[in-house]
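K.L.:
turn this into a structure:
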Amino acid sequence: MGGGGGGGDRQTEPLLEKLSEPSYNSSEEHLVQRTGTVWTAMAHIVTAVIGSGVLSLAWSVAQLGWVAGPTAIVLFAGVTAVQSSLLADCYISRDPDERGSVVRNKSYVQAVRIYLGEKSRLFCVFFLSVNLFGSGVVYTLTSATSMRAIEKANCYHSKGHGAAACSVAGGGSDIYYMLVFGLAQAVLSLIPDFHNMAWLSVFAAVMSFSYSFIGFGLGAAKVVENGVIQGGISGIALASPAQKVWRVAQALGDIAYAYPYTLALLEITDTLRSPPAESETMKTASRASIAVTTFLYLGCGCFGYAAFGDATPGNLLTGFGFYEPYWLIDLANLSVVLHLLGGYQVVGQPAFALAERQFGTEACVYDVELPLLGRRRVSLFRLCYRTAYVAATTTVAVWFPYFNQVVGLIGAFSFWPKVIHFPVEMYIVQAKVAPWTGRWLAIRSFSAACLLVCVFASVGSAVGVFGSKRS
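P.N.:
Reported below is the predicted structural model:
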């Protein structure tokens, strides 16, 4: 879900904001009141996890089939539960630079620096930056598809289901809607503190739950209407074994994209009261939240596949297996667009902050008279960089408009380093796990197995993205 120079630095998302702050300030720590509970942590986690990734799960189950599809969703849930437990144990540490003082690791990047050092922090920031940029591309693709789906749903309702004129509504392309979404983000990215507005997270949660449950309900209703469960054990049959292998890889990448909330975990932990220990409360909240999320994911994925079988669309709400009630389909897709309008800023602001902190924004600041806003201070660097960043994500989305393949590539490429490697390495340091012991071998095997799956999914998704472009 997930700044600028001078006073603007306070705009940044906590993920990268704390890169330049002290890890712990004992003189201020006693002023912080942490009142969070298991229930508030669960609310934060579910809000962080459930998003646009849920829309591709029916397609993923269709590629994998009735056995492997649900099993993959449950396995990724298990992996997420394990890594969240490891990472929660890393919340409290001792800072070697502060004479061993107790440190509350309030952000993911801060924890990587404390446990693994500056080089690992830079490596981590690179992968996070790629993931944040990729998420911006995915949000652009998803929003454009949903905007066009609203137009098509209204057209089908007025002209009849399957009307040829509706299939080319909007010129038959999502590019126009991508440009509209990009223009909106260019404007929103310049509004101070937009991503930190108190109402934004609540609004995003309502929107994400709305379209997720609508997709769940529509799929279930379609199965009841059909009177039969469609699909097969091995999923959709393709022309060649190689095509099937790459589709399976893309499906795994899509599922990987849907689950993790690694970046928010330590920040959520830092809101919890103690006793009991914050890490124990977080583990309990994580297990419960993952169970709730998995139930919803299995519902969306399995009901979608059961409803459409081999014709399961890549995006459950925009593939037009559903035509009526058209207003409910419009509402679901509008919820997607509204959710991602704010969601883009949540993932974009940390990337803005990283560049602006590195290069500064005070060198080219001008007082400008703006219509309706009066006289304002404008940073030329911030204006140009943020506009260029939004333009870049929009351009990539236009160039590679392949929803499932792009989601799979972003999910698979960033999953292992972000979700597995750094939490595992930090836990080994924090728990002082001795090499070649049973626990050390188990943790290393867990990391290696996840790496193999992610490499396979990354290659398959890359083949899907670039293969689709060539064709």
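K.L.:
am I right that F381 is in a strand?
P.N.:
No - with DSSP: H, G, I helix; E, B strand; the rest coil as the criterion, F381 is helix rather than part of a strand.
K.L.:
tell me where the model's unsure across the chain.
P.N.:
For the chain, applying pLDDT under 70 flags the ranges 1-32, 95-100, 168-172, 192-198, 201, 360-363, 365-377, 469-471.
K.L.:
check which element follows the lengthiest helix in it along the chain.
P.N.:
In the chain, assigned by DSSP state H, the helix with the most residues is helix 118-159. Remark: after helix 118-159, the chain's next helix or strand is helix 164-167, criterion DSSP states H and E.
K.L.:
what about the helices in the stretch 301-450 of the chain?
P.N.:
Ranges of helices within the stretch 301-450 of the chain are 326-359, 380-399, 403-415, 422-430, 438-470, based on DSSP state H, counting those that start in this stretch.
K.L.:
and what of the stretch 1-150 of the chain?
P.N.:
Going by DSSP H, counting those that start in this stretch, the stretch 1-150 of the chain shows helices at 14-17, 26-29, 38-49, 57-88, 108-116, 118-159.
K.L.:
what residues does C166 make contact with?
P.N.:
K152, C155, Y156, K159 (Cβ atoms under 8 Å, 6 or more residues apart in numbering). Where C-beta positions appear, they are placed from N, C-alpha and C, glycine not excepted.
K.L.:
gap between it and A388?
P.N.:
Remark: distance between C166 and A388 (Cβ to Cβ, to the nearest Å) = 36 Å.
K.L.:
and stretch 391-408, how far from the chain's centre?
P.N.:
Distance of stretch 391-408 from the chain centroid (Cα atoms, centre = their mean, to the nearest Å) equals 15 Å.
K.L.:
again with stretch 152-169
P.N.:
Distance of stretch 152-169 from the chain centroid (Cα atoms, centre = their mean) equals 32 Å.
K.L.:
over to stretch 120-135?
P.N.:
Its chain's average C-alpha position is 13 Å from that of stretch 120-135, according to Cα atoms, centre = their mean.
K.L.:
which residues does that stretch contact?
P.N.:
Contacts for stretch 120-135 (Cβ under 8 Å, 6+ apart): 15-16, 19, 108-109, 112-113, 263, 347-348, 350-351, 354, 389, 392-393, 406, 409-410, 413-414, 417-418, 422, 425.
K.L.:
and for stretch 450-461?
P.N.:
Contact with stretch 450-461 is made by 79, 245-250, 252-253, 256, 405-406, 408-409, 411-413, 415-416, 419-421, as judged by Cβ under 8 Å, 6+ apart.
K.L.:
adding mean neighbour count and distance to Q358, write the helices of the stretch 1-150 of the chain out as a markdown table.
P.N.:
As requested, these are exported to a markdown table (neighbours: other Cβ atoms under 10 Å; distance: least, Cβ to Cβ, whole Å):
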| stretch | mean neighbour count | distance to Q358 |
| --- | --- | --- |
| helix 14-17 | 23 | 11 |
| helix 26-29 | 9 | 26 |
| helix 38-49 | 20 | 27 |
| helix 57-88 | 22 | 27 |
| helix 108-116 | 24 | 14 |
| helix 118-159 | 21 | 11 |
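K.L.:
out of those, which is closest to G309?
P.N.:
G309 sits nearest to helix 57-88 of all the helices of the stretch 1-150 of the chain, at 7.5 Å, using Cβ to Cβ.
K.L.:
quick one on the thing from earlier: the longest helix of the chain versus helix 108-116: what angle between them?
P.N.:
Relative orientation of helix 118-159 versus helix 108-116 (axes from the mean of the first three to the mean of the last three Cα atoms, to 10 degrees): 150 degrees.
K.L.:
now helix 118-159 against helix 380-399, angle please.
P.N.:
Using the same axes, to 10 degrees: helix 118-159 against helix 380-399 is 60 degrees.
K.L.:
distance between helix 118-159 and the chain's centre?
P.N.:
Remark: helix 118-159 is offset 9 Å from the chain centroid, using Cα atoms, centre = their mean.
K.L.:
same question for stretch 438-448.
P.N.:
Between the centre of stretch 438-448 and the centre of its host chain there is 27 Å, according to Cα atoms, centre = their mean.
K.L.:
for A311, find the nearest of the helices of the stretch 301-450 of the chain.
P.N.:
helix 403-415 (14.6 Å).
K.L.:
is it true that G464 touches Q243?
P.N.:
No - using Cβ atoms under 8 Å as the test, G464 is too far from Q243 to be in contact (9.8 Å).
K.L.:
between these two, point out the one with more neighbours.
P.N.:
G464 (22 against 15; other Cβ atoms under 10 Å).
K.L.:
re the thing from before, buried ones among the contacts of stretch 120-135?
P.N.:
Among the contacts of stretch 120-135, those scoring as buried are 15-16, 19, 108-109, 112-113, 263, 347-348, 350-351, 354, 389, 393, 406, 409-410, 413-414, 417-418, 422, 425 (criterion: 16 or more other Cβ atoms under 10 Å).
K.L.:
any quick ChimeraX command for the buried ones out of the contacts of stretch 450-461?
P.N.:
Only the buried entries of those go into this ChimeraX selection, using 16+ other Cβ under 10 Å:
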select :79,246,247,248,249,250,252,253,256,405,406,408,409,411,412,413,415,416,419,420,421
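K.L.:
residues contacting the residue lying closest to A462 once chain neighbours are set aside?
P.N.:
Nearest non-adjacent residue to A462, counting by Cβ to Cβ, 6 or more residues apart in numbering: L409, 5.8 Å away. L409 sits next to G134, G253, S458, S461, A462, G464, V465 when contact means Cβ under 8 Å, 6+ apart.
K.L.:
and the fifth one, how far from G235?
P.N.:
Right, the one you point to is A462. For A462, the distance to G235 - Cβ to Cβ - is 21 Å.
K.L.:
out of these two, which sits in the busier spot?
P.N.:
G235 (25 against 19).
K.L.:
the more buried one - that's part of a helix, no?
P.N.:
No - read with three-state DSSP, G235 is coil and lies in no helix.
K.L.:
distance check, it against L316.
P.N.:
Note on G235: its distance to L316, by Cβ to Cβ, is 16 Å.
K.L.:
do T262 as well
P.N.:
Taking Cβ to Cβ as the measure, T262 falls 25 Å from L316.
K.L.:
what about those two, which has more around it?
P.N.:
The neighbour comparison of T262 against L316 (other Cβ under 10 Å) goes to L316, with 30 against 23.
K.L.:
ramachandran angles for the more buried one?
P.N.:
Backbone torsions of L316, given as degrees, to the nearest 10, read phi -60, psi -30.
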